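Asks: Structure for this input, please:
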Amino acid sequence: MRFILLLLVAATAFAEEGFVPLFKGKNLDGWFVMYKQGPGFVVEDGILVCPADGGEKLETEKEYANFIFRFEFRLEPDSNNGIGIRAPREGHTATQGMEIQILDQSGPKYGPMKLRPEQYHGSVYDVIPARTGFLKKPGEWQEEEIEANGRRIKVTLNGAVILDADLDMVREPAVLAKHPGLARPSGHIILIGHGTRVEFRNLRIKELP
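Replies: Below you'll find the predicted structure:
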């Protein structure tokens with residue numbers, strides 16, 4: 001039994017090799033507050049929280065080009081948030097960079113809505129739709145991984161790949177004109193609060209060549 005446990009620990013360590021934490025559970029060191037509404041993001045018992053009365057663009061001080069970003073998150077009914085990637089410090093994150101949607105799409109507000117496919121959780125917002133059916137219920141911790149490697153964007157939710165796309169597949173002139181950020185090679189990672197509670201923990205990143 002002890003041998004099995006050691007193997008599990010070794011496998012976990014190997015899987016996380018090269019990752020560095022973006023949030024250590026105590027403060028917002030390493031992050032820059034670009035926009036703040038209400039209390040903004042706060043730290044509660046080692047968890048990074050966007051409160052229901054807070055909205056904010058919380059950006060990494062460092063820029064990233066190619067990377068694997070892993071984190072855990074917990075939603076409430078109708079939680080709405082986003083993860084900006086390769087985004088500039090200023091400007092509209094979802095168009096000047098890219099936004100990976102964070103959304104409880106089955107809640108009382110968004111469930112009855114006729115959302116466009118590219119608005120569902122895990123999508124490159126307003127551009128490329130993600131697969132659905134892999135979100136856990138609100139109140140449960142969930143695991144997500146966002147990989148940006150060259151022109152490839154891959155999103156894995158709770159062990160299932162829900163998006164794996166080459167950005168060069170986007171060729172519609174109107175979409176490209178609206179989303180010049182699709183061409184950006186690097187930028188900040190941004191947590192985008194929309195005035196609903198979302199909790200984050202175990203945020204860590206591995207830079208790729």
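Asks: so who does Glu207 touch?
Replies: Gly18, Tyr64, Ala65, Asn66, Phe67 (C-beta atoms under 8 Å, 6 or more residues apart in numbering). Every residue, glycine included, has its C-beta placed from N, CA and C.
Asks: I'd say the third one and Gly150 touch.
Replies: Translated: Ala65. No: counting by C-beta atoms under 8 Å, Ala65 does not reach Gly150; the two are 9.0 Å apart.
Asks: quick one, which of those two is more surrounded?
Replies: Ala65 (15 against 12; other C-beta atoms under 10 Å).
Asks: So for stretch 186-206, what gets flagged as buried?
Replies: Of all the residues in stretch 186-206, those buried under the rule 16 or more other C-beta atoms under 10 Å are 187-194, 196-203, 205-206.
Asks: Out of the residues you listed, name the ones that lie in strands.
Replies: Within those, residues falling in strands by DSSP state E are 188-193, 198-203, 205-206.
Asks: residue boundaries of the strands in this structure?
Replies: 20-21, 31-37, 42-44, 47-50, 55-60, 67-75, 80-87, 98-103, 141-149, 152-157, 160-166, 188-193, 198-207.
Asks: Can you say which of those strands is nearest to Lys114?
Replies: Each of the strands of the chain was scored for nearness to Lys114 using C-beta to C-beta, and the closest is strand 98-103 (14.2 Å).
Asks: for that closest one, packing partners?
Replies: strand 80-87 (3 or more C-beta pairs under 8 Å, 6 or more residues apart in numbering; DSSP states H and E).
Asks: Partner strands of the strand it packs on and their direction?
Replies: Each strand paired with strand 80-87, and its direction, by DSSP bridges: strand 98-103 (antiparallel), strand 188-193 (antiparallel).
Asks: And stretch 149-161, what's buried?
Replies: Ile153, Val155, Thr156, Leu157.
Asks: so can I have CSV of the residues you listed showing pLDDT and distance to Ile102?
Replies: Compiled in CSV, these are given as follows (pLDDT from 0 to 100; distance: C-beta to C-beta, whole Å):
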residue, pLDDT, distance to Ile102
Ile153, 98, 15
Val155, 98, 11
Thr156, 98, 14
Leu157, 98, 10
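Asks: Specify the beta-bridge partners of the residue nearest the centre of the chain.
Replies: Of all residues in the chain, the one closest to the mean position by C-alpha atoms, centre = their mean is Ile83, 3.5 Å from it. Using DSSP bridges, the bridge partners assigned to Ile83 are Ile100, Leu191.
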